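Chemist: Below are the sequence and a predicted model for it; my questions follow.
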Protein chains: 2
Amino acid sequence: MIADVFRYIDSHGDTFVHDLQRLCRQPSISAQGVGLEACADLLVAQMQARGIAAVLEPVPDGPPLVCAELPGERSGTLLMYNHYDVQPPEPLDEWEFDPFSATIQGGRLYARGAQDTKGNIMARLAAVEAWLRVRGRLPVTVKFLIEGEEEIGSRHLGAAITARPDLARADACIWESGHKDHRDVPTIYLGAKGICYVELDSHGASRDLHSSQATSIVNPAWRLVWALGTLKSADELIRIAGFYDGVVPPSAAEVTLVERIAASRDAEAIRRDLGIPAYLKGLTGVDLITRDLFEPTCTICGLTAGYQGPGSKTVLPRRATAKIDFRLVPNQRPDDILEKLREHLRREAFGDFTVRPLGLEEPYKTPFDAPIVDVVTETAEEVYGIPPVVLPTMTGTGPMHIVCGPFDMPAVGTGIGYAKGNSHGPNENIRISDYIQGIKHLALILERYAG
Amino acid sequence: MIADVFRYIDSHGDTFVHDLQRLCRQPSISAQGVGLEACADLLVAQMQARGIAAVLEPVPDGPPLVCAELPGERSGTLLMYNHYDVQPPEPLDEWEFDPFSATIQGGRLYARGAQDTKGNIMARLAAVEAWLRVRGRLPVTVKFLIEGEEEIGSRHLGAAITARPDLARADACIWESGHKDHRDVPTIYLGAKGICYVELDSHGASRDLHSSQATSIVNPAWRLVWALGTLKSADELIRIAGFYDGVVPPSAAEVTLVERIAASRDAEAIRRDLGIPAYLKGLTGVDLITRDLFEPTCTICGLTAGYQGPGSKTVLPRRATAKIDFRLVPNQRPDDILEKLREHLRREAFGDFTVRPLGLEEPYKTPFDAPIVDVVTETAEEVYGIPPVVLPTMTGTGPMHIVCGPFDMPAVGTGIGYAKGNSHGPNENIRISDYIQGIKHLALILERYAG
């Protein structure tokens, strides 16, 4: 019944790719405040060109939301949550192509944001376009909510939804992304880890000094190293008092999912591709997947102190900084973790550090028995020809709690990525064939979710 | 007897300052390979313009030496050791003026290298010029040995002196620098600490990854932090096995010097100026000076990992790097410390780190009873009007062992710096009045050391 829509998708692949290139060529780096308004404007123009009456919703002190609502023929409302901002492209010298050139080579499109997640935005728009052009109308009501601050913690999204709940309220939500795993099995996910991202500053003398003065002058880089050493020990245990409070082991249903994931995943192939001798703590199989999905983390994302150029400089730095990201699992709250971190530093005699929160988000879970879960799973099998792997949660973070929490709305993540898409790293890319397949998957979800 | 030479110095102050500005405006950053040959050429030209027959001595794989020998009227030969290279100027945004503008303001000359140590080169040249112009000849034979790699560990100097010992052989050596302390008391020093400067690299996956993968993928930043934590504990004790082997407490003569230094130094004023609440371990008085002069150090000079830009980026870095400087005291050998560091890392399960030595230098000591010590001390009192403080060693490092060791040559450091000269840091500067006084001191040393 949907063959006509699929034919439209197949015959318009080049246009869909071209439109995605245009969106990827517009930088939109929220961490650096680069190009966000221009990207929102471009996106609205691209939506309007498809007959989607998109509007900019201004956000005080933040980049605007891009919103739209299209009525459907039958009952039910699906929210398409997404974000138009991207991660910083650094380190630039590790890219094979300019990260904003959207270069196509070998059937892949390389760009910062290609996978995370402008490719998914354009896949959703293309699916809607196909329905509108072929049938004149969508089978189900669709809302778009596309923000510009996801990569820096969706700072203003909660307030915007509180002020305008109609922008997000729906029966279910298609979350921003998803990918095929190393064996090309599509994965969908039903939740998100939370995050508490902080920057720690350790301060020393009022200026950089000659390192010969290190006999008697405090070195903030040493104090940072010692402080970090108290946060997590080499056995990977996080040493902040109360950090694991409330963390629960996986349920029976979750264990079943984990076993299916472990059976499907070629962990050895992934390991070889990453160039590591083993996974942490030598984990394999079910234990490895369980840790990935259900364990919180404490990760040093950045370290900065003193001289970093070529060769040597004998300097005693005046400041040292660490960027730390805690990924949180259900029953951990980022504001609580932040307070426990501050208390920990005070107790360990590092209470003079500056602790700057840069992003706090709650974890979120979708119940397995929500109807949208079956729709996305079954349509994936039809389009991809193989049953998808269902992850109880992604290992990453998104503002699922902010968007879906107020409405107890189930959310399912599905998207066009693949295992070597390298989100957040250099040479981020998608395979164009996955992009076209993802558009079809979205088009089929629209039909099947309709009442 | 020297009034005529001093008059020449006083009446040519503007020229001496102008010549120093020219030298400072030529960048010569050995760590970055910037401007070294051009600086050597300029220096030779400046020396020849004074009637000093300077020559470039080529150094295989390194910047050339600038050398000269001028015969004296009486017996004795003094070596003037110095270096024309400077530290990197970074961080540039903390400079009030362009570091290579040699801007004069408030009686101070601001430039990278003004104090360390182009100001001292030009002071020595000016003293020689004054003698040559006023008397036509020097009282004592003077050699100049000016290298271009001091700030990166004088890598090729030892081989050059082995091949051409005549470039360095003398009865005594005037070392490159010295300064007035916080109370404006001139200090001279009789030795140098050694150094073992290394870069440590910790490696993770073959590319930067999304930080959500940190559940099971090694984080090289964490491993670097843990490894550094094993090198030195928060009580400032260096934990490398055998690190302190052979380190001796100060002799009775040294304790006497330390007591005089402690009585002269306003440690509280220095502390306030540095903006620190206390010295390490709460040290004061004699204990503080003893630690500064006789203790080795292990200093983090730089840390680099992951994302360092503004805001947050959730990245699991593929590499983390630390630059570490060990300052060594007599009986510690840099090659031995390097081997002990490697062994320590192996023992602590960090044997996979890359350990890159970037500079190894031995410590050196001049005996207190060498005639040059009395000459420099007594002439300092005459010129500065106050007895100098004699440091048994500087807290910093220089190639004293390389230059003086082969000849058992005593070396005394004296120079034109002051307590706020900020060597190696931003806004490095000298006071012009100190520069003129330092020229006179050098001129008087030349006369008094002559047999």
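Modeler: Yep, that arrived. Numbers count the residues shown, from 1 in each chain, chains lettered A, B, ... in the order given.
Chemist: Quick one: the helices in the stretch 151-300 of chain A, in order.
Modeler: A:157-163, A:220-231, A:252-264, A:267-274, A:285-294 (DSSP state H, counting those that start in this stretch).
Chemist: and what of the stretch 1-150 of chain A?
Modeler: A:3-11, A:13-25, A:36-49, A:119-135.
Chemist: and the last one, which residues are buried?
Modeler: Pointing back at helix A:119-135 there. Residues A:119-132, A:134 are the ones in helix A:119-135 that count as buried (16 or more other C-beta atoms under 10 Å in any protein chain shown). The C-beta positions use only the backbone N, C-alpha and C, and glycine is treated the same way.
Chemist: now that helix against helix A:13-25, angle please.
Modeler: Here helix A:119-135 runs at an angle of 140 degrees relative to helix A:13-25 (axes from the mean of the first three to the mean of the last three C-alpha atoms, to 10 degrees).
Chemist: cool, and the shortest one?
Modeler: If you take the same axes, to 10 degrees, helix A:3-11 sits at 60 degrees to helix A:13-25.
Chemist: Helix A:3-11 - contacts with which helices or strands?
Modeler: helix A:119-135, helix A:432-449 (3 or more C-beta pairs under 8 Å, 6 or more residues apart in numbering or on different chains; DSSP states H and E).
Chemist: Restricting to C-alpha, output the last one in PDB.
Modeler: Below are the C-alpha coordinates for helix A:432-449, written out as PDB (Å, rounded to 0.1, in the frame of the first residue of the first chain):
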ATOM      1  CA  ILE A 432      23.800   7.400   1.600                       C
ATOM      2  CA  SER A 433      22.100   4.000   1.200                       C
ATOM      3  CA  ASP A 434      21.300   4.100   5.000                       C
ATOM      4  CA  TYR A 435      19.900   7.600   4.600                       C
ATOM      5  CA  ILE A 436      17.400   6.500   1.900                       C
ATOM      6  CA  GLN A 437      16.500   3.300   3.800                       C
ATOM      7  CA  GLY A 438      15.900   5.500   6.900                       C
ATOM      8  CA  ILE A 439      13.500   7.800   5.000                       C
ATOM      9  CA  LYS A 440      11.500   4.700   4.000                       C
ATOM     10  CA  HIS A 441      11.400   3.500   7.600                       C
ATOM     11  CA  LEU A 442      10.100   6.800   8.800                       C
ATOM     12  CA  ALA A 443       7.500   6.900   6.000                       C
ATOM     13  CA  LEU A 444       6.200   3.400   7.100                       C
ATOM     14  CA  ILE A 445       6.100   4.400  10.800                       C
ATOM     15  CA  LEU A 446       3.800   7.300   9.900                       C
ATOM     16  CA  GLU A 447       1.400   4.900   8.200                       C
ATOM     17  CA  ARG A 448       1.500   2.200  10.800                       C
ATOM     18  CA  TYR A 449       1.200   4.400  13.800                       C
END
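Chemist: residue contacts, A:L288?
Modeler: A:A262, A:A267, A:Y279, B:S216 (C-beta atoms under 8 Å, 6 or more residues apart in numbering or on different chains).
Chemist: Quickly list the domain ranges of chain A.
Modeler: As given by automatic domain parsing, the domain ranges for chain A are A:3-193+A:363-449, A:194-247+A:296-361.
Chemist: Residue of the stretch 1-150 of chain A closest to chain B, please.
Modeler: Closest residue of the stretch 1-150 of chain A to chain B, C-beta to the nearest C-beta: A:A31 (3.4 Å).
Chemist: Name the nearest residue to that residue, sequence neighbours excluded.
Modeler: Among residues not flanking A:A31 along the chain, B:G311 sits closest, at 3.4 Å (C-beta to C-beta, 6 or more residues apart in numbering or on different chains).
Chemist: Which strand or helix spans that neighbour?
Modeler: Counting by DSSP states H and E, no helix or strand carries B:G311.
Chemist: of all the helices and strands packed on helix A:3-11, which lies closest to B:F6?
Modeler: helix A:119-135 (78.0 Å; C-beta to C-beta).
Chemist: From the chain's centroid, how far away is that closest one?
Modeler: 22 Å (C-alpha atoms, centre = their mean, to the nearest Å).
Chemist: Could the C-alpha coordinates of that helix be exported in PDB?
Modeler: Output of helix A:119-135 as PDB, limited to C-alpha atoms (Å, rounded to 0.1, in the frame of the first residue of the first chain):
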ATOM      1  CA  GLY A 119      20.900  13.400   8.400                       C
ATOM      2  CA  ASN A 120      18.000  12.400  10.700                       C
ATOM      3  CA  ILE A 121      16.300  15.700  10.400                       C
ATOM      4  CA  MET A 122      16.400  15.500   6.600                       C
ATOM      5  CA  ALA A 123      15.200  11.900   6.700                       C
ATOM      6  CA  ARG A 124      12.100  12.900   8.700                       C
ATOM      7  CA  LEU A 125      11.500  15.800   6.400                       C
ATOM      8  CA  ALA A 126      11.900  13.700   3.300                       C
ATOM      9  CA  ALA A 127       9.500  11.000   4.600                       C
ATOM     10  CA  VAL A 128       6.900  13.700   5.300                       C
ATOM     11  CA  GLU A 129       7.500  15.300   1.800                       C
ATOM     12  CA  ALA A 130       7.000  11.900   0.200                       C
ATOM     13  CA  TRP A 131       3.600  11.500   1.900                       C
ATOM     14  CA  LEU A 132       2.500  15.000   1.100                       C
ATOM     15  CA  ARG A 133       3.600  14.900  -2.600                       C
ATOM     16  CA  VAL A 134       2.200  11.400  -3.200                       C
ATOM     17  CA  ARG A 135      -1.000  11.400  -1.100                       C
END
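Chemist: Tell me the secondary structure at the nearest residue to A:D335 once chain neighbours are set aside.
Modeler: Sequence neighbours aside, A:L360 is the residue nearest to A:D335 in space, at 6.1 Å (criterion: C-beta to C-beta, 6+ apart). Three-state call for A:L360 (DSSP: H, G, I helix; E, B strand; the rest coil): strand.
Chemist: give the contact list for A:L360.
Modeler: A:L360 neighbours (C-beta under 8 Å, 6+ apart): A:G153, A:G194, A:I195, A:C196, A:Y197, A:P334, A:D335, A:L338.
Chemist: what's the answer for A:R319, then?
Modeler: Counted by C-beta under 8 Å, 6+ apart, A:R319 has contacts A:D201, A:S202, A:H203, A:G204, A:P220, A:A305.
Chemist: Equivalent analysis for A:F353, please.
Modeler: Contacts of A:F353 (C-beta under 8 Å, 6+ apart): A:L200, A:D201, A:S202, A:H203, A:L224, A:A227, A:L345.
Chemist: The closest residue to the first one other than its chain neighbours and A:T299, how far apart?
Modeler: I take that to be A:L200. Closest residue in space to A:L200, ignoring its immediate chain neighbours: A:A322 at 4.7 Å, by C-beta to C-beta, 6+ apart. To A:T299, A:A322 is 10 Å away according to C-beta to C-beta, to the nearest Å.
Chemist: Having no further points to raise, I will conclude here.
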